[in-house]
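Trainee: I would like the atomic coordinates for the input below:
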Amino acid sequence: MLSKKVALVTIFLSTVGINAATLNASEADQATLFQQNCAACHGADRLGLLGPALLPENLKRVRKNQAIASITNGLPATQMPAFGEVLKPNEIKSLVDLIYTPLLKVPGWDEQTIKAHHVIYKPELVEGNAQTASPIYDADPLNVFLVVEAGDHHVSVLNGDTFETIHRFKSRYALHGGPKYTSDGRFVYFASRDGWVTKYDMYNLQVVAETRVGINARNLAVSGDDKYVLVGNYLPHTLVLLDATDLSLMKIIPVTDEQGNSSRVSAVYSAPPRQSFVAALKDFKQVWEIRVDDSSSDAVKPVVDRIQLDDYLDDFFFDQQYENIMGAARNAKNGQVFNLTGQKKVADLDLTGMPHLGSGITWAYKDTVVLATPNLKEHTVTFIDTKNWKTIKKIETLGPGFFMRSHENSRYAWVDVFVGPNKDVMHIIDKTTLEIVKTLKPVPGKTSGHIEFTRDGRFALLSIWEMDGELIVYDAETLEEVKHLPMKKPVGKYNVYNKITRSEGTSH
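Mentor: Numbers count the residues shown, from 1 in each chain. Sure thing, here's the model as predicted:
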């Protein structure tokens, strides 16, 4: 009988086309280390699961010494733990050598493969007028929340008036990015880390269709006219355009430059006022604006406008008019503002550390509109004047923040700390003074994160990011606790109305 160690190595190597019998002892140890410490999140084949793929093609911007530091110390505001006290320095170096070793063959994910994974479960629900035009439950469909429970890979449908669960269903493994609603809130789309896209009917509470568009996906966006879904992949390096009615494949868009180099997609968002999608790229200093030309009856044609940047753009934030994007690279010393129409940089932003602009929010402040962003590395929240792009103020927090939320009917903005010794606190900021006025500690010792408001802004829902976690409902004015709802690691909750109206207090 094979020993446990040999069995692990054999299984791992068979997935990447290597014969275990040909390995020397150090290579076998290397493979075993990966299986024991990395495979659960990054996949036994290194193609990614909860975490990204670990291949040379996906590590172009990460030097080996940076990879060693990441494994040793962990990564801020992610689920990547620190292994410095678990593994020896030579073991960490061995893992880094492994992940920079190319696979004999990286599997493709072509048109035929995508079509083979396409399933329509409810043909009668494909069209918007199907079966019933109203929800099967007694609740305001625009004040419903979807709560993503990562602990056991389920989604709960929550009544935003009574805070009672209407329905709970199993999701694909490791959903990533917020679910995206159609403009009327009738349908919603999910993307999972392993490339599955799911269409769900919010009225009938049923899965309509699914398809798998890649091996390691990032997120998706729905066009402003509800006709298309665009998905960004880490692996393969593609954008995939789907028909929003049934998730059938429309077009695979290779993410390549003029020299044939390819890039992962960091994020893709819809820009409804521009009738376009905007994608940030991980490995090119470009942002792509994509419009869909469907004027021909024969086929749709994605039209890609490649906008050259001064730096990489790992995440970004739209201004309220969708004319400008504010973005920053994870390794940059400042952020930048790019005008999409003029296709040029218009300002530098005083944003050091690792600003989380994807979670930025805006609101009216004096005679301007302020952009506020937490920081994944520094203990700060930065407030920027969107008229002149100058920093109005920076305030100190008790640690790095991941999520920031508010509502147009609330005088407060909420920002978490999320990592470090103060991960259990939530700061409340007065939007008129830009000062922290209260710091909550909902459950001592347990991570607080991600706020979402009800449709009218009267209540704020906070997540306790633990396996035996919960949602805590707060009165958004008095900041008093109203209700506790047990949940399995509720990583995010998304109010239909706030999302489809692009509330100034929530990310888009």
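
Trainee: give the contact list for Q343.
Mentor: Counting by CB atoms under 8 Å, 6 or more residues apart in numbering, Q343 touches D305, I307. C-betas here are computed from N, CA, C, even on glycine.

Trainee: one more: I252?
Mentor: Residues near I252 by CB under 8 Å, 6+ apart: D110, E111, I114, T238, L239, V240, L241.

Trainee: assumed it was part of a helix.
Mentor: No - checked against DSSP: H, G, I helix; E, B strand; the rest coil, I252 lies outside a helix; its state is strand.

Trainee: on the strand side of things, show who it bridges to.
Mentor: Under DSSP bridges, the beta-bridge partners of I252 are V240.

Trainee: and what of the one 4 residues further on?
Mentor: According to DSSP bridges, the residues that bridge with T256 are S262.

Trainee: would you mind measuring from it to K387?
Mentor: Per CB to CB, to the nearest Å, T256 is found 38 Å from K387.

Trainee: before we move on, what about L59?
Mentor: Distance, L59 to K387, by CB to CB: 40 Å.

Trainee: rewinding a little: of T256 and K387, who's got more company?
Mentor: Comparing T256 with K387 by neighbour count (other CB atoms under 10 Å), the higher total belongs to T256, at 13 against 10.

Trainee: quick check: the more buried one touching S262?
Mentor: Yes - counting by CB atoms under 8 Å, T256 does reach S262; the two are 5.0 Å apart.

Trainee: and for the two, which residues touch both?
Mentor: H237.

Trainee: what number of residues are in the vicinity of E435?
Mentor: Neighbours around E435, by other CB under 10 Å: 11.

Trainee: please read the previous query as pertaining to V491.
Mentor: Using other CB under 10 Å, V491 is surrounded by 20 other residues.

Trainee: chain center to whichever helix or strand it is part of: distance?
Mentor: Per DSSP states H and E, V491 falls inside strand 490-495. The chain centroid and the centroid of strand 490-495 are separated by 12 Å under CA atoms, centre = their mean, to the nearest Å.

Trainee: and the following helix or strand past it, what does it pack onto?
Mentor: Using DSSP H and E, the helix or strand that follows strand 490-495 in sequence is helix 496-500. Counting by 3 or more CB pairs under 8 Å, 6 or more residues apart in numbering; DSSP states H and E, the packing neighbours recorded for helix 496-500 are strand 144-149, strand 180-181.

Trainee: any idea of the mean pLDDT for the shortest one?
Mentor: Per-residue pLDDT over strand 180-181 has a mean of 97.

Trainee: for the longest one, same thing?
Mentor: Along strand 144-149, the predicted confidence averages to a pLDDT of 97.

Trainee: pairing partners for it, with directions?
Mentor: The strands beside strand 144-149 in its sheet (DSSP bridges) come out as strand 154-159 (antiparallel), strand 490-495 (antiparallel).

Trainee: helix or strand: which one has I92?
Mentor: Using DSSP H and E, I92 sits within helix 89-99.

Trainee: ok, and what's touching that helix?
Mentor: Contacts of helix 89-99 (CB under 8 Å, 6+ apart): 26, 29-31, 33-34, 37-38, 46, 54-56, 59, 64, 67-68, 71-72, 83-84, 87.

Trainee: apply 7 Å and report the result again.
Mentor: Helix 89-99 has contacts (CB atoms under 7 Å, 6 or more residues apart in numbering) with 30, 33-34, 38, 46, 54, 59, 64, 67-68, 71-72, 83.

Trainee: which of the residues you listed lies closest to V337?
Mentor: Among the contacts of helix 89-99, L59 lies closest to V337 (CB to CB), at 28.8 Å.

Trainee: that closest one and D283: what is the separation?
Mentor: For L59, the distance to D283 (CB to CB) stands at 10 Å.

Trainee: cool, and S94?
Mentor: According to CB to CB, S94 and D283 sit 26 Å apart.

Trainee: where do the helices of the stretch 101-250 of the chain begin and end?
Mentor: Counting by DSSP state H, counting those that start in this stretch, residue ranges of the helices within the stretch 101-250 of the chain are 111-116.

Trainee: so where do the strands sit in it?
Mentor: 119-120, 144-149, 154-159, 165-170, 180-181, 187-191, 196-201, 206-212, 216-222, 228-235, 238-243, 249-254 (DSSP state E, counting those that start in this stretch).

Trainee: and these: which comes nearest L340?
Mentor: Between the strands of the stretch 101-250 of the chain, strand 216-222 lies closest to L340; by CB to CB that is 15.1 Å.

Trainee: contacting residues around the closest one?
Mentor: For strand 216-222, contacts defined as CB under 7 Å, 6+ apart pick out 47-48, 52-53, 176-177, 180, 182, 189, 191-195, 197, 229-235, 244, 265-270, 277.

Trainee: quick one: strands adjacent to the strand or helix carrying Y269?
Mentor: According to DSSP H and E, Y269 maps onto strand 265-271. Paired neighbours of strand 265-271 in the sheet (DSSP bridges): strand 276-281 (antiparallel).

Trainee: contacting residues around the partner strand?
Mentor: With contact meaning CB under 7 Å, 6+ apart, strand 276-281 is reached by 221, 230, 232, 239, 255, 263, 265-271, 287-291, 313-316, 325, 327.

Trainee: next, the angle strand 238-243 makes with that strand.
Mentor: For strand 276-281 against strand 238-243, the angle by axes from the mean of the first three to the mean of the last three CA atoms, to 10 degrees is 160 degrees.

Trainee: give the pairing partners of whichever helix or strand comes after strand 276-281; include direction for each.
Mentor: Later in the chain than strand 276-281, the nearest helix or strand by DSSP H and E is strand 286-293. According to DSSP bridges, strand 286-293 forms sheet pairs with strand 276-281 (antiparallel), strand 301-308 (antiparallel).

Trainee: could I get those strands as CSV with distance to V337 and mean neighbour count?
Mentor: Below are the strands paired with strand 286-293 laid out as CSV (distance: least, CB to CB, whole Å; neighbours: other CB atoms under 10 Å):
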stretch, distance to V337, mean neighbour count
strand 276-281, 14, 25
strand 301-308, 13, 14
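
Trainee: rebuild those strands as JSON lines, extending it with mean pLDDT.
Mentor: What follows is those, written out as JSON lines (pLDDT from 0 to 100):
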{"stretch": "strand 276-281", "mean pLDDT": "96"}
{"stretch": "strand 301-308", "mean pLDDT": "95"}
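
Trainee: count of neighbours near the closest residue in space to P107 that isn't next to it in sequence?
Mentor: Setting aside the residues directly before and after it, P107 is nearest to I215 in space (CB to CB, 6 or more residues apart in numbering), at 6.7 Å. For I215, the neighbour count with other CB under 10 Å is 22.

Trainee: I215 contacts G195, doesn't it?
Mentor: Yes - using CB atoms under 7 Å, I215 is in contact with G195, at 5.7 Å.

Trainee: got a list of contacts for stretch 234-243?
Mentor: Residues from elsewhere that reach stretch 234-243 (CB under 7 Å, 6+ apart): 47-48, 52-53, 58, 108-109, 197, 211, 213-218, 228-233, 248-255, 262-265, 268, 279, 292, 302.

Trainee: can you list the low-confidence ranges for the stretch 301-450 of the chain?
Mentor: For the stretch 301-450 of the chain, the stretches with pLDDT under 70 are 330-332.

Trainee: phi first, then psi, for the residue nearest the centre of the chain.
Mentor: Centroid-nearest residue in the chain: G177, 3.0 Å away (criterion: CA atoms, centre = their mean). When read as degrees, to the nearest 10, the backbone of G177 gives phi 70, psi 160.
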